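>>> A predicted structure for the sequence below; I have some questions about it.
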Amino acid sequence: MTLMALFWILIPLFIGALFIGLYRNLFSKLAVIFGASGRFIPLGAVDAAALAQAYADEVVVQRRIRLRGRLPWTRHMLISWGFSVLFVFDILTALLTKYLPSEPFMTGNAGWLFLKFGLNVSGMVLLVGLLIALVRGAMTAGTDEAKFNDTPGTIFLLLVVLTGFIAQGLHFANVPAQPGFGWILLGYWMGEALRGWAPYTGSYSFFWMTHAVLASGFLAYLGWSRMIHVFAAPLGRIFYSQPAIREAKVRTVMEGLLKPRVGSR
Amino acid sequence: MPRGLRRFAWWSFLVTEAGLVAAATAYVGFATRDFWLVLVSAVVATMAYVVAVRRTPPPALGEATRASQRWYWF
């Protein structure tokens, strides 16, 4: 059995764990917000401009976090954009090199180098963001600012990133360097640094598998930890960007206030 | 739980798992030993999801159940 096959066997389990976490910790709570008589807003009542504005503010530029200061905002932008772009490049790499392989995406060719460049740039951005988060977490421990820290989540994601770079470094140390490999950045630099002790066969397999299991495990962890905010926070903002939802909420509150209390005259 | 939300939770899970099985099959091949292992993994995940859905306590809706109208949107 290849490492990739083992990964494919495990991934439905990990994604299942993610969905179970989402059901217990997100959907069941959303149900309370919506109420039992909830129904979808008619498509014509959706305010597309407000929706786009909420998405841009909450997800793209993260304006709310900017209000907490430049450093928390920089850290959060590096982590969220690093993670998102890395995820996209991971999917593209699997698709273009494994499922629909073509000449430009063969090892060493321009398309392949582009994918490796994207993976490494986004991975490095994520790594910097996580290191800032870890240092800041240690510096603000015990203070009021620490309430937004998620040290276990940060360490978990850091392990995913580090094992990924180590596996990549070991791989590039095992193969002869080719022109253009400089575009692979940190993965290639680590490979060159480790080349003196190559080949790494057992350790490469170990780090690759550790990285794959940790990365899949992190997806499962998203639904069970504070990391669930990656789904919940934008969703909440997007809901309340809609005038129809805000009006319905105000109406419900007013109905509650106007209702006579039990036992009152 | 509102029917629309429950349906969304079910469909998003099932479509994702089916997509993963399809992607895995494209890699390991159909009806190979690894294919059956992928399928077992997806079935176990589905069984765990069914158990989780059944065992998750219903949300305490309280006053929300009597509200005249609720709108939501994904």
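Now that the structure is in, tell me what you want to look at.
>>> C-alpha from now on. contacts and neighbour counts both.
OK.
>>> which ones are touching the residue nearest the centre of chain B?
Geometric centre of chain B, nearest residue: B:F13, 2.9 Å, by Cα atoms, centre = their mean. Applying Cα atoms under 8 Å, 6 or more residues apart in numbering or on different chains to B:F13 gives the contacts A:G16, A:F19.
>>> next one: phi and psi at it?
phi -70, psi -50 (degrees, to the nearest 10).
>>> ok, the closest residue to chain B within the stretch 51-200 of chain A to B:P57 distance?
When Cα to the nearest Cα is the measure, the stretch 51-200 of chain A has its nearest residue to chain B at A:Y99, with 7.2 Å between them. Separation of A:Y99 from B:P57 (Cα to Cα, to the nearest Å): 42 Å.
>>> now do the helices in chain B.
Using DSSP state H, the helices of chain B run over B:3-28, B:33-55.
>>> mean pLDDT lowest for which of these?
The minimum mean pLDDT among the helices of chain B belongs to helix B:3-28 (a mean of 92).
>>> by how many degrees do that helix and helix B:33-55 diverge?
In terms of direction (axes from the mean of the first three to the mean of the last three Cα atoms, to 10 degrees), helix B:3-28 departs from helix B:33-55 by 170 degrees.
>>> one step back: for the residue of the stretch 51-200 of chain A closest to chain B, give me its contacts.
B:A26, B:Y27.
>>> now do it, the pLDDT please.
A:Y99 is given a pLDDT of 83.
>>> one more: A:R265?
pLDDT, read off for A:R265, is 54.
>>> one more: A:A5?
88.
>>> can you check A:W189 too?
pLDDT, A:W189: 96.
>>> what's the answer for the one 4 residues further on, then?
In the prediction, the pLDDT value recorded for A:A193 is 96.
>>> residues contacting it?
A:A173.
>>> wasn't it part of a strand?
No: in this structure, A:A193 is helix, not part of a strand, as judged by DSSP: H, G, I helix; E, B strand; the rest coil.
>>> and it, how far is that from A:L127?
19 Å.
>>> could you do B:T32 as well?
38 Å.
>>> cool, A:Y23 as well?
Distance from A:Y23 to A:L127, counting by Cα to Cα: 30 Å.
>>> then A:F148?
19 Å.
>>> the more surrounded of those two?
Using other Cα atoms under 10 Å in any protein chain shown as the criterion, A:F148 and A:L127 rank with A:L127 on top: 23 against 10.
>>> for A:T107, which three-state class applies?
coil.
>>> neighbours around it, how many?
For A:T107, using other Cα under 10 Å, the count is 13.
>>> over to A:P42?
11.
>>> which other helices and strands contact the helix or strand hosting A:L113?
A:L113 is part of helix A:110-140 when elements are defined by DSSP states H and E. If you count contacts as 3 or more Cα pairs under 8 Å, 6 or more residues apart in numbering or on different chains; DSSP states H and E, helix A:110-140 packs onto helix A:70-93, helix A:151-174, helix A:186-194.
>>> report the inter-axis angle for the shortest one versus helix A:110-140.
Here the directions of helix A:186-194 and helix A:110-140 differ by 90 degrees (the same axes, to 10 degrees).
>>> helices or strands next to the strand or helix carrying A:R246 in the packing?
Per DSSP H and E, A:R246 falls inside helix A:243-258. With contacts taken as 3+ Cα pairs under 8 Å, 6+ apart, helix A:243-258 sits against strand B:70-72.
>>> rerun at 10 Å
helix A:28-34, helix A:229-240, strand B:70-72 (3 or more Cα pairs under 10 Å, 6 or more residues apart in numbering or on different chains; DSSP states H and E).
>>> any chance of those in TSV, plus mean neighbour count?
Below are these laid out as TSV (neighbours: other Cα atoms under 10 Å in any protein chain shown):
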stretch	mean neighbour count
helix A:28-34	20
helix A:229-240	16
strand B:70-72	21
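>>> which one, of these, ends up nearest to A:F114?
helix A:229-240 (27.7 Å; Cα to Cα).
>>> residues in contact with that closest one?
A:22, A:25-27, A:29-30, A:33, A:50-59, A:62, A:80, A:222-223, A:226, A:241, A:245-247, A:249, B:71-74 (Cα atoms under 10 Å, 6 or more residues apart in numbering or on different chains).
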